[in-house]
Structure formats: structure tokens, C-alpha cells
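Trainee: Give me the fold of what follows.
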Amino acid sequence: MPSLGADMQFGTIVEWRVKPGDAVKRGDVVALVETEKGVIEVEIFENGVIESLVIPPGQKVPVGATLATLSGDGKKVEAQAAPSAVAVAAETATPVQEEKPPLKASSALAVVEEASRLRASPLARKRAQELGVDLSAIPGTGVDGSITVTDVERVAQGVRPSAAPTTTAPPVTPKGLDLGAMRRVIATAMARSKREIPHYYLSTTIDMRCSLDWLGAENAKRPVTKRLLYSVLLIRAVALALRSTPELNGFWIDDGFQASEGIHIGVAISLRQGGLINPAIHDVDKRNLDELMENMLDLVNRARNGHLRSSELSDGTITVTNLGEQGVGSVFGVIYPPQVALVGFGKIIERPVAANGMVGVRPIIEATLAADHRVSDGHRGGRFLIAIDRLLQEPEKL
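Mentor: Sure, this is the predicted structure:
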């Protein structure tokens with residue numbers, strides 16, 4: 001079971017996308033896993049052939065537990081998550097004491113369709129919509145009679161599956177995202193962060209006139225669907241600034257800092273039902289603004305509809321949170337372990353600014369940095385914020 005963030009201790013297999021004998025390659029989605037923050041598509045990070053599925057759908061297991069075995073190069077290995085996720089799992093995995101029956105696969109439905117009473121995996125629902133199949137007419141063959149993708153495809157082909165035998169386990173009624181559980185896991189991660197990480201905080205104000213003027217002129221040339229938001233300028237500036245301060249981009253693992261080769265920026269996204277999730281956009285420094293805009297909109301949409309991938313939750317090397325749309329002037333965040341830094345942006349406010357002996361009204365944004373003092377210091381953090389400021393004064397180069 002991969003660690004999909006420092007606040008995850010266990011997960012529930014909702015559905016396997018592979019079976020024994022299937023050949024898989026790095027990056028293939030092999031399972032759906034339910035956590036307190038939703039249903040996540042779990043990718044595999046080894047090439048080979050699935051030998052066995054150790055954990056059946058519906059079972060909740062702690063981070064680090066073996067889910068499947070994989071045959072590769074003539075030998076059997078455990079199918080593993082990404083290296084960074086495994087390292088985090090070793091840090092955060094703790095035995096889980098069950099206080100209630102394990103969640104069944106059907107409980108994941110409420111994450112994507114709160115009002116539904118049908119038991120079907122999110123993937124099965126999507127496939128049914130694509131094929132125009134009525135879910136209510138499909139007998140499920142999954143755990144506790146839940147409807148699987150295979151059931152949907154068989155009905156679409158005119159083959160009616162036999163209903164799965166019922167079990168004696170108590171039925172699970174979809175109840176929506178458990179906000180209490182989500183807040184508890186967030187609280188655990190943030191309490192650990194404040195307890196173990198020696199935070200230091202810096203802030204600076206950035207004149208956004210150049211960026212907004214350029215953005216307005218650029219968007220005037222574009223159709224509405226292709227226009228950019230100023231937040232992509234902020235994310236891109238953070239990524240480029242990290243090139244000169246790599247000690248802010250990586251992880252604190254095993255009492256040491258491990259710099260990341262890639263710049264994968266985690267974006268704090270609030271969920272419609274409440275709560276917060278922190279998926280990452282990969283290789284931000286290598287993407288142009290159009291790609292970033294597309295990636296960001298796609299990420300927000302999938303995060304709020306329960307279709308994120310495990311790599312998006314485990315690979316983030318730094319977090320950016322932008323609370324300007326909520327009217328917040330500035331935000332001093334808590335670092336999300338095992339990351340070592342978090343950048344915050346507030347709302348753009350018009351303020352009088354003195355420059356070159358003249359006073360004028362300028363659009364100002366406050367940028368803040370929360371960083372791990374074990375890895376960097378105020379001097380390096382200050383250089384990082386200055387670099388962000390400098391980059392935003394030349395938006396045409398972003």
C-alpha cells in the first residue's frame with residue numbers, strides 16, 4: 001500500500017484493474033484505493049507480470065502492506081510504489097487498530113456521487129456513462145454485489161453477469177466523504193509537522209503590475225477557453241526560482257535531506273465537500289504556461305471528482321497554496337512532510353507604493369515562505385523570494 005501523503009496511514013482496495021498473468025509496465029494503473037481524501041488510481045512502478053493479488057477488494061490495510069506480487073526478470077518481487085512514496089511509507093506506517101468493520105468497496109461511491117444508492121466503483125460508473133448502460137439494471141459480481149467495470153462491459157455486449165453471492169457482512173450505506181476522518185488525518189500530519197520540523201517564516205510584497213498588464217494583453221489575443229489565470233504565473237515563477245535554491249525542493253527522510261531531480265509542485269486544492277488535498281503537477285519548470293494552465297484545470301477537476309493518480313499525491317516536492325480567491329491577505333502555511341518548504345500567496349491588493357521618488361497605486365501580492373531550518377536558512381529563503389519577485393517582473397520570459 002503506497003503512502004499517498006504524510007497524513008495517510010491505511011487504504012482500502014476498491015477495485016483491481018489487473019489480474020494474475022497480466023503484463024504491466026511502469027506507470028500503468030493497477031488498482032483503485034480509497035483513502036480518507038477520496039478514491040485514488042494507484043500506478044505500478046515496476047515492469048513485469050502480475051503473479052498474485054494479495055489483498056482482495058474491500059480490505060483495509062496499513063501503508064507498506066504488500067498488495068500484489070510481480071514476476072520480473074525471472075524472479076518474484078513485490079509490486080512497489082514510487083521510491084519517494086516507499087520512503088515516506090516507512091516513516092508513517094503504523095499498525096492500524098480496527099474499531100469498526102472494514103469499509104467495503106461500495107463506500108467509495110459517495111466520494112464521487114454522494115446521493116447515489118447503487119454500489120459501483122467510480123470506474124464502473126464512468127464506463128457505464130460512456131457505453132450508455134443503466135447501472136440499476138446490472139447485477140454486480142464484485143464485493144457485496146458491487147458493480148465492476150467487467151459487469152458493465154458484459155451488459156453492453158449483451159451478456160448478463162450472474163449476481164455475486166451475498167455475504168454476512170453488514171451492508172454499508174453510502175454516506176459521503178467522511179470529513180471527520182479527513183480532518184483527523186490532516187491534524188495528525190500537521191501536528192507532526194509542527195512538532196518535528198523547525199519552521200522559519202519569511203514574507204515579501206511583490207508588485208504585480210507587469211504580470212497583470214502582460215496577462216491582460218496576452219489574454220486579449222486568445223479565445224476565452226484558452227485564457228490564462230495569474231495563478232499559473234505564480235506557480236511557474238516558483239518552479240524557476242527553485243532552480244537556484246534546490247535545497248527547498250525535496251524531502252527530509254531518514255534524518256537527511258534528499259534533493260529532488262524534478263520540480264513537482266503540489267497545489268493545495270479545497271474539495272467541494274470540505275477538506276483539502278495536495279496533488280502535484282510534475283516537471284513544472286519544463287512546461288510552458290499553456291501546458292500549466294491545462295494541467296492545473298485538469299488536476300482541480302479530477303481532485304474534486306475522485307480521479308487522482310497515486311504519483312500525483314506522492315511525488316510533490318514543494319507545495320504552493322493560493323488563498324487570494326478567498327480574500328486572504330497572506331498565508332503562513334505548515335510544511336507538508338516530508339517536503340521541506342511551502343509557498344503561500346494572498347490576494348492582490350491595490351496599495352500606494354513609493355518608487356523612484358514618486359508615489360503611485362500598484363497591485364500588490366504578499367508571498368510567504370515556510371521552510372525547514374534543518375535544510376535551509378533565512379538567507380537562502382530570502383534569495384528564493386527575491387527570485388520569484390524578479391521573475392514576475394518579466395512575465396514574458398516565464
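
Trainee: Spell out the residue ranges of the strands in the stretch 201-350 of the chain.
Mentor: Taking DSSP state E, counting those that start in this stretch as the test, the strands found in the stretch 201-350 of the chain are 250-253, 256-259, 265-267, 269-270, 276-277, 280-281, 308-309, 318-322, 341-345, 349-355.

Trainee: the inter-axis angle of the top helix by length along the chain versus strand 341-345?
Mentor: As assigned by DSSP state H, the longest helix anywhere in the chain is helix 179-196. Relative orientation of helix 179-196 versus strand 341-345 (axes from the mean of the first three to the mean of the last three C-alpha atoms, to 10 degrees): 120 degrees.

Trainee: for helix 179-196, which positions count as buried?
Mentor: Of the residues in helix 179-196, 182, 185-186, 189-190, 192-193 count as buried by neighbour count, 16 or more other C-beta atoms under 10 Å. All C-beta spots, glycine's among them, are computed from the backbone N, C-alpha and C.

Trainee: if I look at the one residue sitting closest to the centre of the chain, how far off is Asn295?
Mentor: Nearest residue to the geometric centre of the chain (C-alpha atoms, centre = their mean): Pro279, 2.1 Å. For Pro279, the distance to Asn295 equals 10 Å [C-beta to C-beta, to the nearest Å].

Trainee: Also Arg351?
Mentor: As judged by C-beta to C-beta, Arg351 and Asn295 stand 32 Å apart.

Trainee: Kindly report the same for Arg383.
Mentor: Noted for Arg383: a distance of 27 Å to Asn295, by C-beta to C-beta.

Trainee: ranking the strands of the stretch 201-350 of the chain by mean pLDDT, which is last?
Mentor: Lowest mean pLDDT within the strands of the stretch 201-350 of the chain: strand 276-277, at a mean of 82.

Trainee: Show me what that strand is packed against.
Mentor: Applying 3 or more C-beta pairs under 8 Å, 6 or more residues apart in numbering; DSSP states H and E, one finds that strand 276-277 makes contact with strand 269-270.

Trainee: who does the strand it packs on pair up with?
Mentor: Its sheet considered, strand 269-270 pairs with strand 276-277 (antiparallel) by DSSP bridges.

Trainee: Can you name the residues in contact with the partner strand?
Mentor: Under the criterion C-beta atoms under 8 Å, 6 or more residues apart in numbering, residues 37-38, 186, 268-271, 303, 308, 313 lie in contact with strand 276-277.

Trainee: likewise stretch 225-238?
Mentor: Contacts with stretch 225-238, where a contact means C-beta under 8 Å, 6+ apart, come from 208, 211-212, 215, 218-219, 222, 265, 267, 281, 284-285, 287, 289-290, 292-293, 296, 318, 320, 322, 343, 345, 348, 388, 391-392, 395, 398.

Trainee: quick one, helices of the protein?
Mentor: Assigned by DSSP H, the helices in the chain fall at 83-92, 109-112, 122-131, 149-156, 179-196, 209-220, 230-242, 289-304, 310-314, 378-392.

Trainee: JSON lines for the ones you listed, including distance to Ile365?
Mentor: What follows is those, written out as JSON lines (distance: least, C-beta to C-beta, whole Å):
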{"stretch": "helix 83-92", "distance to Ile365": "31"}
{"stretch": "helix 109-112", "distance to Ile365": "34"}
{"stretch": "helix 122-131", "distance to Ile365": "37"}
{"stretch": "helix 149-156", "distance to Ile365": "45"}
{"stretch": "helix 179-196", "distance to Ile365": "25"}
{"stretch": "helix 209-220", "distance to Ile365": "9"}
{"stretch": "helix 230-242", "distance to Ile365": "8"}
{"stretch": "helix 289-304", "distance to Ile365": "18"}
{"stretch": "helix 310-314", "distance to Ile365": "26"}
{"stretch": "helix 378-392", "distance to Ile365": "9"}
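
Trainee: which residues of this structure score low on pLDDT?
Mentor: 5-7, 37, 73-124, 126, 140-146, 148-150, 153-154, 157-179, 182, 273-274 (pLDDT under 70).

Trainee: quick one: furthest residue from the center of it?
Mentor: Most peripheral residue of the chain (C-alpha atoms, centre = their mean): Gly357, 46.3 Å.

Trainee: Scan this structure for its longest strand.
Mentor: For the chain, the longest strand by residue count, based on DSSP state E, is strand 358-372.

Trainee: just to revisit the earlier point, I'd like to know which of the strands of the stretch 201-350 of the chain lies nearest to Ser71.
Mentor: Among the strands of the stretch 201-350 of the chain, the nearest to Ser71 by C-beta to C-beta is strand 308-309 (24.0 Å).
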